[in-house]
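[1] Below are the sequence and a predicted model for it; my questions follow.
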Amino acid sequence: MKKLSLANTPTRIEPVQLMDADLPVNLYIKRDDLTGLSVTGNKIRKLEYLLEKALDDGATDIITTGAVQSNHARATAMACARLGFKCHLLLTGSEDYPEEGNLFLDRLAGADIRFVSQEDYDNHRDAIMASWKEELEKEGKSVDIIPMGGSNGLGSFGYVECFEEILEEEKDMGINFDAVICVTGSAGMLAGLVYGNAIHEAGKEIVGISISSPKEVVEKELLPPIIAEMNELKGTSVPADAVTVIGGYEGRGYALSRPEELEFIWDFVSQTGIILDPVYTGKAMYGTISEILNGRWEGKENILFIHSGGAFGWTRRQMEELLRK
Ligand SMILES: *Cc1c(COP(=O)(O)O)cnc(C)c1O
(Lines give C-alpha, C1' and ligand atoms only; values in the text may rest on other atoms or scores of the structure.)
Protein backbone atom coordinates (compact mmCIF):
# COMPACT_ATOMS: atom_id res chain seq x y z
CA MET A 1 0.00 0.00 0.00
CA LYS A 2 1.63 3.29 -1.11
CA LYS A 3 1.86 6.20 1.30
CA LEU A 4 3.48 9.56 1.90
CA SER A 5 5.90 10.12 4.73
CA LEU A 6 4.46 12.98 6.82
CA ALA A 7 4.53 11.72 10.43
CA ASN A 8 7.43 11.44 12.84
CA THR A 9 7.32 7.70 13.31
CA PRO A 10 7.95 5.30 14.93
CA THR A 11 6.60 6.98 18.05
CA ARG A 12 8.08 6.03 21.39
CA ILE A 13 6.53 3.91 24.13
CA GLU A 14 6.98 5.01 27.76
CA PRO A 15 5.84 3.68 31.13
CA VAL A 16 3.17 5.74 32.92
CA GLN A 17 4.01 6.41 36.53
CA LEU A 18 1.19 7.77 38.69
CA MET A 19 2.03 9.03 42.15
CA ASP A 20 -1.43 8.61 43.64
CA ALA A 21 -2.43 5.17 42.36
CA ASP A 22 -0.75 1.81 42.72
CA LEU A 23 -1.90 0.10 39.53
CA PRO A 24 -2.07 -3.71 39.49
CA VAL A 25 -0.66 -3.82 35.92
CA ASN A 26 2.15 -1.96 34.18
CA LEU A 27 0.65 0.79 32.07
CA TYR A 28 2.54 2.07 29.03
CA ILE A 29 1.71 4.84 26.61
CA LYS A 30 2.55 5.06 22.90
CA ARG A 31 3.15 8.69 22.08
CA ASP A 32 1.19 9.23 18.88
CA ASP A 33 0.65 12.72 20.26
CA LEU A 34 4.24 13.27 19.09
CA THR A 35 3.74 12.42 15.41
CA GLY A 36 4.15 16.14 14.64
CA LEU A 37 3.05 19.59 15.78
CA SER A 38 0.59 21.13 13.31
CA VAL A 39 0.11 17.83 11.55
CA THR A 40 -0.16 15.62 14.59
CA GLY A 41 -2.09 12.95 16.46
CA ASN A 42 -3.60 9.82 14.99
CA LYS A 43 -5.11 11.44 11.88
CA ILE A 44 -1.73 11.97 10.23
CA ARG A 45 -1.14 8.24 9.98
CA LYS A 46 -4.38 7.93 7.99
CA LEU A 47 -3.58 11.00 5.88
CA GLU A 48 -0.29 9.48 4.73
CA TYR A 49 -2.36 6.97 2.77
CA LEU A 50 -5.31 9.19 1.87
CA LEU A 51 -3.24 12.08 0.53
CA GLU A 52 -0.94 9.73 -1.38
CA LYS A 53 -4.08 8.56 -3.16
CA ALA A 54 -5.09 12.17 -3.80
CA LEU A 55 -1.71 12.83 -5.44
CA ASP A 56 -2.09 9.68 -7.53
CA ASP A 57 -5.60 10.79 -8.53
CA GLY A 58 -4.17 14.12 -9.69
CA ALA A 59 -6.36 16.02 -7.22
CA THR A 60 -5.94 19.77 -6.81
CA ASP A 61 -8.48 20.16 -4.00
CA ILE A 62 -9.46 18.13 -0.95
CA ILE A 63 -12.82 18.19 0.84
CA THR A 64 -13.28 16.71 4.28
CA THR A 65 -15.59 17.10 7.25
CA GLY A 66 -15.80 17.04 11.02
CA ALA A 67 -16.97 18.73 14.18
CA VAL A 68 -16.03 22.40 14.56
CA GLN A 69 -13.01 21.45 16.71
CA SER A 70 -12.12 18.40 14.61
CA ASN A 71 -8.50 17.30 14.94
CA HIS A 72 -8.89 15.47 11.65
CA ALA A 73 -10.00 18.66 9.83
CA ARG A 74 -7.04 20.60 11.26
CA ALA A 75 -4.52 17.87 10.41
CA THR A 76 -5.93 17.70 6.87
CA ALA A 77 -5.81 21.49 6.44
CA MET A 78 -2.20 21.60 7.60
CA ALA A 79 -1.12 18.61 5.52
CA CYS A 80 -2.80 20.17 2.47
CA ALA A 81 -0.90 23.41 3.10
CA ARG A 82 2.31 21.41 3.19
CA LEU A 83 1.55 19.47 0.00
CA GLY A 84 -0.03 22.23 -2.07
CA PHE A 85 -3.67 21.08 -2.11
CA LYS A 86 -6.51 23.56 -1.59
CA CYS A 87 -8.43 22.31 1.46
CA HIS A 88 -12.21 22.70 1.93
CA LEU A 89 -13.76 21.89 5.30
CA LEU A 90 -17.40 21.16 6.10
CA LEU A 91 -17.71 21.76 9.84
CA THR A 92 -20.55 21.73 12.32
CA GLY A 93 -21.38 25.10 13.82
CA SER A 94 -21.73 28.61 12.50
CA GLU A 95 -19.74 31.67 11.48
CA ASP A 96 -19.94 33.10 15.00
CA TYR A 97 -18.23 30.15 16.66
CA PRO A 98 -15.08 31.37 18.52
CA GLU A 99 -12.05 31.03 16.25
CA GLU A 100 -9.80 29.20 18.64
CA GLY A 101 -7.97 25.89 18.90
CA ASN A 102 -8.33 23.72 15.83
CA LEU A 103 -10.66 26.16 14.06
CA PHE A 104 -8.06 28.92 14.36
CA LEU A 105 -5.42 26.56 12.93
CA ASP A 106 -7.77 25.65 10.05
CA ARG A 107 -7.94 29.35 9.18
CA LEU A 108 -4.21 29.79 9.60
CA ALA A 109 -3.63 26.91 7.17
CA GLY A 110 -5.77 28.75 4.61
CA ALA A 111 -8.65 26.29 4.57
CA ASP A 112 -11.93 27.26 2.94
CA ILE A 113 -14.64 26.60 5.57
CA ARG A 114 -18.38 26.05 5.30
CA PHE A 115 -20.57 25.44 8.33
CA VAL A 116 -23.55 23.09 8.60
CA SER A 117 -26.05 22.42 11.36
CA GLN A 118 -25.52 19.38 13.54
CA GLU A 119 -28.60 17.83 11.98
CA ASP A 120 -27.33 18.25 8.41
CA TYR A 121 -23.95 16.98 9.51
CA ASP A 122 -25.44 13.87 11.09
CA ASN A 123 -27.75 13.05 8.19
CA HIS A 124 -26.43 14.60 5.00
CA ARG A 125 -22.70 15.32 5.27
CA ASP A 126 -21.70 12.92 2.48
CA ALA A 127 -24.31 14.33 0.09
CA ILE A 128 -23.28 17.90 0.93
CA MET A 129 -19.62 17.09 0.25
CA ALA A 130 -20.58 15.42 -3.03
CA SER A 131 -22.42 18.52 -4.26
CA TRP A 132 -19.57 20.75 -3.11
CA LYS A 133 -17.27 18.56 -5.18
CA GLU A 134 -19.47 19.04 -8.26
CA GLU A 135 -19.40 22.78 -7.71
CA LEU A 136 -15.60 22.81 -7.62
CA GLU A 137 -15.33 20.52 -10.62
CA LYS A 138 -17.38 23.00 -12.62
CA GLU A 139 -14.63 25.51 -11.83
CA GLY A 140 -12.10 23.08 -13.32
CA LYS A 141 -10.81 21.63 -10.06
CA SER A 142 -10.03 17.98 -9.51
CA VAL A 143 -11.36 16.96 -6.10
CA ASP A 144 -10.83 14.08 -3.66
CA ILE A 145 -13.23 13.67 -0.73
CA ILE A 146 -11.86 12.30 2.54
CA PRO A 147 -14.56 10.93 4.87
CA MET A 148 -15.09 12.02 8.47
CA GLY A 149 -12.09 11.13 10.63
CA GLY A 150 -10.23 9.79 7.59
CA SER A 151 -11.84 6.54 8.66
CA ASN A 152 -12.18 4.38 5.60
CA GLY A 153 -10.38 1.17 4.70
CA LEU A 154 -7.41 2.89 3.07
CA GLY A 155 -6.79 5.42 5.85
CA SER A 156 -7.00 2.75 8.52
CA PHE A 157 -3.89 1.06 7.16
CA GLY A 158 -2.08 3.82 9.03
CA TYR A 159 -2.93 1.95 12.21
CA VAL A 160 -1.85 -1.40 10.83
CA GLU A 161 1.52 0.25 10.52
CA CYS A 162 1.26 1.58 14.07
CA PHE A 163 0.51 -1.96 15.23
CA GLU A 164 3.62 -3.20 13.40
CA GLU A 165 5.68 -0.55 15.20
CA ILE A 166 4.35 -1.91 18.48
CA LEU A 167 5.51 -5.43 17.57
CA GLU A 168 8.99 -4.09 16.81
CA GLU A 169 9.11 -2.05 19.99
CA GLU A 170 8.11 -5.08 22.05
CA LYS A 171 11.19 -6.88 20.73
CA ASP A 172 13.45 -3.90 21.48
CA MET A 173 12.00 -3.46 24.97
CA GLY A 174 11.86 -7.17 25.74
CA ILE A 175 8.23 -7.03 26.89
CA ASN A 176 4.85 -8.23 25.70
CA PHE A 177 1.69 -6.12 25.76
CA ASP A 178 -1.37 -8.15 26.71
CA ALA A 179 -3.79 -5.45 25.60
CA VAL A 180 -3.57 -2.43 23.28
CA ILE A 181 -6.10 0.28 24.09
CA CYS A 182 -7.18 3.15 21.88
CA VAL A 183 -9.81 5.86 21.94
CA THR A 184 -12.68 5.25 19.54
CA GLY A 185 -14.59 7.94 17.66
CA SER A 186 -15.16 6.98 14.03
CA ALA A 187 -13.38 3.62 14.62
CA GLY A 188 -10.63 3.94 11.99
CA MET A 189 -7.79 3.67 14.48
CA LEU A 190 -9.48 0.68 16.11
CA ALA A 191 -10.03 -0.99 12.73
CA GLY A 192 -6.35 -0.71 11.84
CA LEU A 193 -5.26 -2.24 15.14
CA VAL A 194 -7.78 -5.09 14.84
CA TYR A 195 -6.62 -5.77 11.29
CA GLY A 196 -2.92 -5.69 12.24
CA ASN A 197 -3.46 -7.99 15.21
CA ALA A 198 -5.25 -10.52 12.98
CA ILE A 199 -2.83 -10.40 10.04
CA HIS A 200 0.19 -10.83 12.32
CA GLU A 201 -1.58 -13.41 14.50
CA ALA A 202 -0.34 -11.44 17.48
CA GLY A 203 -3.10 -12.61 19.82
CA LYS A 204 -3.42 -9.36 21.73
CA GLU A 205 -6.61 -8.00 23.16
CA ILE A 206 -7.46 -4.93 21.06
CA VAL A 207 -9.57 -2.52 23.07
CA GLY A 208 -11.50 0.54 21.93
CA ILE A 209 -12.94 2.94 24.48
CA SER A 210 -15.83 4.79 22.89
CA ILE A 211 -16.06 8.52 23.58
CA SER A 212 -19.23 9.30 21.66
CA SER A 213 -21.22 6.35 20.30
CA PRO A 214 -22.74 3.54 22.37
CA LYS A 215 -20.68 0.32 22.40
CA GLU A 216 -23.17 -1.53 20.14
CA VAL A 217 -22.96 1.18 17.48
CA VAL A 218 -19.16 0.88 17.37
CA GLU A 219 -19.34 -2.93 17.17
CA LYS A 220 -22.20 -3.24 14.69
CA GLU A 221 -22.23 -0.06 12.59
CA LEU A 222 -18.85 1.69 12.65
CA LEU A 223 -16.17 -1.00 12.74
CA PRO A 224 -17.42 -3.75 10.34
CA PRO A 225 -17.65 -1.63 7.15
CA ILE A 226 -14.09 -0.33 7.63
CA ILE A 227 -12.69 -3.84 8.16
CA ALA A 228 -14.69 -4.99 5.11
CA GLU A 229 -13.06 -2.29 2.99
CA MET A 230 -9.62 -3.25 4.27
CA ASN A 231 -10.31 -6.88 3.37
CA GLU A 232 -11.40 -5.82 -0.08
CA LEU A 233 -8.25 -3.76 -0.66
CA LYS A 234 -5.98 -6.61 0.43
CA GLY A 235 -7.97 -9.71 -0.52
CA THR A 236 -8.10 -10.89 3.09
CA SER A 237 -10.92 -12.06 5.36
CA VAL A 238 -10.14 -10.56 8.75
CA PRO A 239 -13.18 -10.74 11.07
CA ALA A 240 -14.47 -7.55 12.69
CA ASP A 241 -15.45 -9.17 15.97
CA ALA A 242 -12.04 -9.93 17.52
CA VAL A 243 -12.27 -6.75 19.53
CA THR A 244 -13.24 -5.45 22.96
CA VAL A 245 -15.28 -2.28 22.84
CA ILE A 246 -15.75 -0.62 26.21
CA GLY A 247 -18.76 1.63 26.58
CA GLY A 248 -19.91 3.75 29.46
CA TYR A 249 -17.27 6.47 29.22
CA GLU A 250 -19.10 8.63 26.68
CA GLY A 251 -20.27 10.69 29.66
CA ARG A 252 -22.32 13.68 28.54
CA GLY A 253 -21.52 12.95 24.88
CA TYR A 254 -19.12 14.15 22.19
CA ALA A 255 -16.93 17.05 23.32
CA LEU A 256 -18.89 17.49 26.56
CA SER A 257 -17.13 16.87 29.87
CA ARG A 258 -18.17 15.67 33.29
CA PRO A 259 -16.49 17.19 36.38
CA GLU A 260 -14.87 13.87 37.32
CA GLU A 261 -13.25 13.62 33.88
CA LEU A 262 -11.82 17.12 34.15
CA GLU A 263 -10.56 16.42 37.64
CA PHE A 264 -8.94 13.22 36.41
CA ILE A 265 -7.25 15.03 33.50
CA TRP A 266 -5.83 17.63 35.87
CA ASP A 267 -4.49 14.91 38.20
CA PHE A 268 -3.03 12.89 35.35
CA VAL A 269 -1.29 15.77 33.59
CA SER A 270 0.11 17.15 36.83
CA GLN A 271 1.60 13.74 37.65
CA THR A 272 2.97 12.81 34.24
CA GLY A 273 3.61 15.94 32.17
CA ILE A 274 1.61 14.33 29.34
CA ILE A 275 -1.23 16.51 28.03
CA LEU A 276 -4.61 14.80 27.67
CA ASP A 277 -7.46 16.47 25.79
CA PRO A 278 -11.04 16.76 27.06
CA VAL A 279 -12.72 15.24 23.97
CA TYR A 280 -10.79 12.01 23.34
CA THR A 281 -7.73 10.99 25.32
CA GLY A 282 -8.92 12.42 28.65
CA LYS A 283 -12.09 10.34 28.58
CA ALA A 284 -10.32 7.23 27.36
CA MET A 285 -7.49 7.44 29.88
CA TYR A 286 -10.09 8.01 32.59
CA GLY A 287 -11.79 4.85 31.33
CA THR A 288 -8.52 2.93 31.16
CA ILE A 289 -7.47 3.74 34.73
CA SER A 290 -11.00 3.07 36.02
CA GLU A 291 -11.12 -0.33 34.28
CA ILE A 292 -7.64 -1.24 35.55
CA LEU A 293 -8.64 -0.34 39.10
CA ASN A 294 -11.88 -2.33 38.72
CA GLY A 295 -9.78 -5.40 37.96
CA ARG A 296 -10.53 -5.83 34.25
CA TRP A 297 -6.95 -6.90 33.45
CA GLU A 298 -6.28 -8.80 36.65
CA GLY A 299 -3.48 -11.32 36.17
CA LYS A 300 -2.20 -9.50 33.08
CA GLU A 301 1.17 -7.81 33.10
CA ASN A 302 1.49 -5.02 30.54
CA ILE A 303 -1.16 -2.79 29.02
CA LEU A 304 -0.47 -0.25 26.25
CA PHE A 305 -2.55 2.90 25.73
CA ILE A 306 -2.17 4.75 22.43
CA HIS A 307 -2.12 8.51 22.97
CA SER A 308 -3.79 9.83 19.84
CA GLY A 309 -3.15 13.58 20.33
CA GLY A 310 -5.86 16.22 20.55
CA ALA A 311 -4.19 18.95 22.63
CA PHE A 312 -5.60 21.72 20.40
CA GLY A 313 -9.10 20.62 21.44
CA TRP A 314 -8.89 22.70 24.64
CA THR A 315 -11.41 25.43 23.96
CA ARG A 316 -11.93 28.45 26.18
CA ARG A 317 -15.16 26.91 27.48
CA GLN A 318 -13.43 23.67 28.45
CA MET A 319 -10.46 25.43 30.00
CA GLU A 320 -12.81 27.51 32.13
CA GLU A 321 -14.80 24.48 33.19
CA LEU A 322 -11.59 22.84 34.34
CA LEU A 323 -10.12 25.88 36.08
CA ARG A 324 -13.37 26.69 37.90
CA LYS A 325 -13.16 23.30 39.62
C1 LIG B 1 -10.09 11.36 15.86
C2 LIG B 1 -9.44 11.11 17.16
C3 LIG B 1 -9.60 9.87 17.82
C4 LIG B 1 -10.50 8.79 17.31
O5 LIG B 1 -10.00 8.12 16.21
P6 LIG B 1 -11.02 7.35 15.25
O7 LIG B 1 -10.17 6.69 14.25
O8 LIG B 1 -11.94 8.38 14.69
O9 LIG B 1 -11.78 6.39 16.09
C10 LIG B 1 -8.94 9.69 19.01
N11 LIG B 1 -8.18 10.66 19.56
C12 LIG B 1 -8.00 11.84 18.96
C13 LIG B 1 -7.17 12.87 19.65
C14 LIG B 1 -8.63 12.11 17.74
O15 LIG B 1 -8.47 13.31 17.16
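    Received it, and whenever you're ready, just let me know what you need.
[2] how about the residue minimising distance to the centre of the chain, what does it touch?
    By Cα atoms, centre = their mean, the chain has its centre lying nearest to Asn42, at 4.7 Å. Neighbour list for Asn42: 32, 35, 158-159, 182, 189, 306, 308-309 [criterion: Cβ atoms under 8 Å, 6 or more residues apart in numbering]. Where you see a C-beta, it was placed from the backbone N, CA and C, and this is true even at glycine.
[3] what about it, distance to Cys182?
    Asn42 sits at a distance of 8 Å from Cys182 (criterion: Cβ to Cβ, to the nearest Å).
[4] got any residues that touch both of the two?
    Joint contacts of Asn42 and Cys182 (Cβ under 8 Å, 6+ apart) are 159, 189, 306, 308.
[5] Which helix or which strand is home to the nearest residue to the first one once chain neighbours are set aside?
    If the residues on either side of it in the chain are set aside, Tyr159 comes closest to Gly192, at 2.3 Å by Cβ to Cβ, 6 or more residues apart in numbering. Element membership for Gly192, per DSSP states H and E: helix 188-199.
[6] what's that helix packed up against?
    helix 153-173, strand 179-184, strand 205-210, helix 223-234 (3 or more Cβ pairs under 8 Å, 6 or more residues apart in numbering; DSSP states H and E).
[7] hmm, try it at 10 Å
    On a contact count with 3 or more Cβ pairs under 10 Å, 6 or more residues apart in numbering; DSSP states H and E, helix 188-199 meets helix 43-57, helix 153-173, strand 179-184, strand 205-210, helix 223-234, strand 302-307.
[8] Show the average pLDDT along the second one.
    Confidence over helix 153-173 (mean pLDDT, whole number) is 98.
[9] Is that helix positioned near the ligand?
    No - figure legend: helix 153-173 not in contact with the ligand (Cβ under 6 Å from any ligand atom); closest approach 7.6 Å.
[10] how many degrees apart are that helix and strand 302-307 in direction?
    Angle, helix 153-173 to strand 302-307, by axes from the mean of the first three to the mean of the last three Cα atoms, to 10 degrees: 140 degrees.
[11] one step back: check whether the residue nearest to Tyr159 really touches Glu165, as I assumed.
    No - here Gly192 does not reach Glu165: they are 11.5 Å apart, not a contact under Cβ atoms under 10 Å.
[12] Which one of these two is surrounded by more residues?
    Shown here are Gly192 and Glu165; by other Cβ atoms under 10 Å, Gly192 has more neighbours (29 against 18).
[13] which residues sit in contact with the more buried one?
    42, 45-46, 151, 153, 155-163, 182, 206, 226-227, 230 (Cβ atoms under 10 Å, 6 or more residues apart in numbering).
[14] Buried only: go through these for me.
    Buried members of the contacts of Gly192, counted by 16 or more other Cβ atoms under 10 Å: 42, 45-46, 151, 153, 155-163, 182, 206, 226-227, 230.
[15] Can you name the residues of the stretch 201-325 of the chain that neighbour the ligand?
    So far as Cβ under 6 Å from any ligand atom goes, the stretch 201-325 of the chain lies against the ligand at 277, 280-281, 308-310.
[16] circling back to that earlier point, the helix holding Gly192 versus helix 43-57: what angle between them?
    Angle of helix 188-199 versus helix 43-57, following the same axes, to 10 degrees, is 90 degrees.
[17] Helix 188-199 near the ligand anywhere?
    Yes - applying Cβ under 6 Å from any ligand atom, one finds helix 188-199 touching the ligand at 188-190.
[18] Can you add neighbour count, pLDDT and distance to Glu320 and give these back as CSV?
    Shown next, in CSV, are the residues of helix 188-199 next to the ligand (neighbours: other Cβ atoms under 10 Å; pLDDT from 0 to 100; distance: Cβ to Cβ, whole Å):
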residue, neighbour count, pLDDT, distance to Glu320
Gly188, 30, 98, 31
Met189, 29, 98, 29
Leu190, 32, 98, 32
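[19] Just give me the neighbour total for Glu137.
    That count, for Glu137 with other Cβ under 10 Å as the rule, works out to 12.
[20] And the strands in the protein?
    With strands called from DSSP state E, the chain shows them at 13-15, 26-31, 61-66, 86-92, 112-116, 143-145, 179-184, 205-210, 244-246, 302-307.
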